Structure formats: C-alpha cells, structure tokens
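Asker: Sequence first, predicted coordinates after that:
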Amino acid sequence: MERTIRLLTFILMILVVGSVDAQQRIVLAGRGANMLADAIYLFPDTGERLVAYSSGDQGLGLFMSEVDPAFKEKVCFDKSAGVEVIASFKPDLVLLKSISRSQYEAALNALGIRQVYLMLETPEQYYEDIATLGKVLGNQVHAAEVISWYADHEKKIMSRTTKLSASQKPKVLLLQLAASGESVWKVPPDSWMQTILAERAGGIPVWKGANLGSGWATVSVEQIAAWNPDVVCIINYRANSSEAAEAFKKDKRLSSLKAVREGKVYGFPQDFYSWDQPDTRWILGLTWLAKMLHPALFTDISVIGTTEDFFNFMYGFDEAAFHTNIAPKIQGDVGEQF
C-alpha cells in the first residue's frame, strides 16, 4: 500500500506541478551516460535536443544508434572530460548521474550552467527520476504514462513473489565475469539493482551481506562453493553471457555445485545492455528472473511479449523494427525464442 501511495504521489506531482521550460541544448556527461541516454529517449523528440554525450559503450554497441535517426550528428566525448569540454557545447542543461555531482557541480555552477542529477539506481529511484525528467523535458503526461507502465508490470511480478514463503524461494547467485574474461567472479553490493531484482523475483540472494561496499567485489571459488546456490545467473557486460555461463559450468572446481549438477546456470539476458543493470531494462530483468525462478507462477507472462511491448511503448519500435533492430542483439538464456 505504501509503495502504491508513493507512485500515485509521483504521478500527481508531475501532472500538477508546472513544467520547467523545455531545454533546447542537452548534454549527457560523466559516468553512466548510456543509462542517462536510455532514460531521456523514453521521451519522444528529446533526441533532437541532445547535442553531445560522454562515452558509454560497454562493448555490445550503443542503443542510441538504433533509437535516434540523428545519432551520428551527436558529439561523443570522454566520460572523464572536464567542465571546459562540457561548456564548449554551450548546453542549456547538463544531465549527470548523482555519482558525478562532486566532480562537476561547483565548476558548472561557477559557469552558470544548469545541471540535473539523477540517481537511476533502484526501481523507486527510477520512478522519481522519470518524474523529474518529465518536468525538465516538458512532458509530464508521458512521464506519468511511463511510470504507470513500469508500476503495472512490477506489480504483476511482486503480487505473486511477495506471497512466497522462505522455503519456496531458491537460493540465487548473480555473478559478473570480470573484465579480463578470465574465471574471476564478482558479486554486487546489497543496495544495488541486482540484489533488489533477485529478492523481488522471489529468490534469496546468497551473497547478501558479503559486499557492503560501493562496487562489485571479487569472490573466491571456495566462497561460491560454500554458498552452494540452487541457481546461478552469469552476467557479462562485454560479450555473450551464455558463453560465460558455459565456461562457468565447465570449470571443474565448480562441478559439485547444486546449480551446476542440476543444469541451473544461466546467462543473464542482454541486448545492447544487460538486463540486470540500473538501466531502463531493469523491468525486463525482473520479469525474466521471476519466470526463470518460478515458471509455474508465471505461465501467463511471456518474456518475449513483455520485451516487445517494452520496446514498442518505451521507444516506438513496431513489430517489424523490433525484429530487425533489437531481437538480433538479444543474447543470454532467455528461455523463449524471438
């Protein structure tokens, strides 16, 4: 009930509060600009105002290139660039993730350049930040529609998983393959989207409490064996997660794991970006994870159908465009055929 009231408050706020004048020249700066881009492209015609962005290709390509016909006209600059580079684009507004505030705020204020900082880290923060973008971009009505779409789909999952008893929830381990590509595995912090998704999908994140830091933490094979999860989900931001999952299953040091023995090691789905991240796709990650963990609970929900609906409603891809531009990029163990 409390979460429902908060969502209604967000929607009412963006419908009632007067909008800020639509910004004409927008720059995305700092770390995580790919997530900022995916958020602003939820709003039609925003791409026309975007003039420059900091680099954010994780290795699977840039989604911006598919959603924005004028993508090649945008200037890409280094994510560590200083304020002088940002100022050179003469922006009316600079959008950054909150993690970049300490690096940029004082200097941009000194230049009289307006900034908006977005968290974009948890589902609740997504609702708040979409509301903020609705005001900043002058499209509060669409912001309310986007929030409602997310809330409806999240409710379809959580109305069922919240009724599960502890004994009905499998022990889940989400592991990221290290950037080196070697068999080095990492777990996310407790507060991050990955841990939240595992819990809301009806799983028990076995790593919870093991990483209280602010970034991915390396875990040993011995620790993975001690956790002995029922299900393992492998994340790979730079290549096909299914291949990383296969490598995990073939590691002789992990052959005794329950998840390996029972064939429950999966590559987390991805397209241009992995669905486990605090990107607009987090709702797809939640849907997939819930159905994979509890297939009998979600026989009426299709991961494919939800994915097609997501890209259609959020980004305007009709069926033909989806199957031409998005479906070929989808990798991982989705469990359904596109």
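Answerer: Everything's here; your move. Numbers count the residues shown, from 1 in each chain.
Asker: Just give the closest residue to Ala70, not the sequence neighbours.
Answerer: If the residues on either side of it in the chain are set aside, Ala70 comes closest to Gly47, at 6.3 Å by CB to CB, 6 or more residues apart in numbering. Bear in mind the C-beta positions are built from the backbone N, C-alpha and C, glycine included.
Asker: what's the burial count for the one you found?
Answerer: Using other CB atoms under 10 Å, Gly47 is surrounded by 19 other residues.
Asker: Quick check: the spatially most central residue of the chain vs Lys156, distance?
Answerer: Nearest residue to the geometric centre of the chain (CA atoms, centre = their mean): Asp279, 2.4 Å. Distance of Asp279 to Lys156, given as CB to CB, to the nearest Å: 20 Å.
Asker: now swap in Leu284 and tell me
Answerer: 13 Å.
Asker: And for Leu175?
Answerer: Leu175 is 27 Å from Lys156, by CB to CB.
Asker: Mind checking which of Leu284 and Lys156 has more residues around it?
Answerer: Set Leu284 next to Lys156 and count neighbours by other CB under 10 Å: Leu284 wins out with 23 against 16.
Asker: so after the worst-scoring helix or strand of the chain on mean pLDDT, what's the next helix or strand?
Answerer: In the chain, no helix or strand scores lower on mean pLDDT, DSSP states H and E than helix 2-16, which sits at a mean of 50. Once the chain leaves helix 2-16, the next helix or strand it forms, by DSSP states H and E, is strand 26-28.
Asker: Direction included, what does that following strand pair against?
Answerer: Its sheet considered, strand 26-28 pairs with strand 50-54 (parallel), strand 93-97 (parallel) by DSSP bridges.
Asker: Now the last one: average pLDDT?
Answerer: Translated: strand 93-97. Averaged across strand 93-97, pLDDT comes to 97.
Asker: The first one too?
Answerer: For strand 50-54, the per-residue pLDDT values average out at 96.
Asker: How about residues contacting that strand?
Answerer: 25-31, 33, 36-37, 40, 64, 68, 74-79, 81, 86, 89, 91 (CB atoms under 8 Å, 6 or more residues apart in numbering).
Asker: before we move on, what about stretch 81-92?
Answerer: Applying CB under 8 Å, 6+ apart, the contact partners of stretch 81-92 are 23-27, 29, 51-52, 54, 75, 77-78, 94, 104, 107-108, 111, 113-114.
Asker: how long is it end to end?
Answerer: Stretch 81-92 has an end-to-end distance of 18 Å (criterion: CA to CA, to the nearest Å).
Asker: Could you check it and say which residues are buried?
Answerer: By neighbour count, with 16 or more other CB atoms under 10 Å as the criterion, the buried positions of stretch 81-92 are 83, 85-87, 89, 91.
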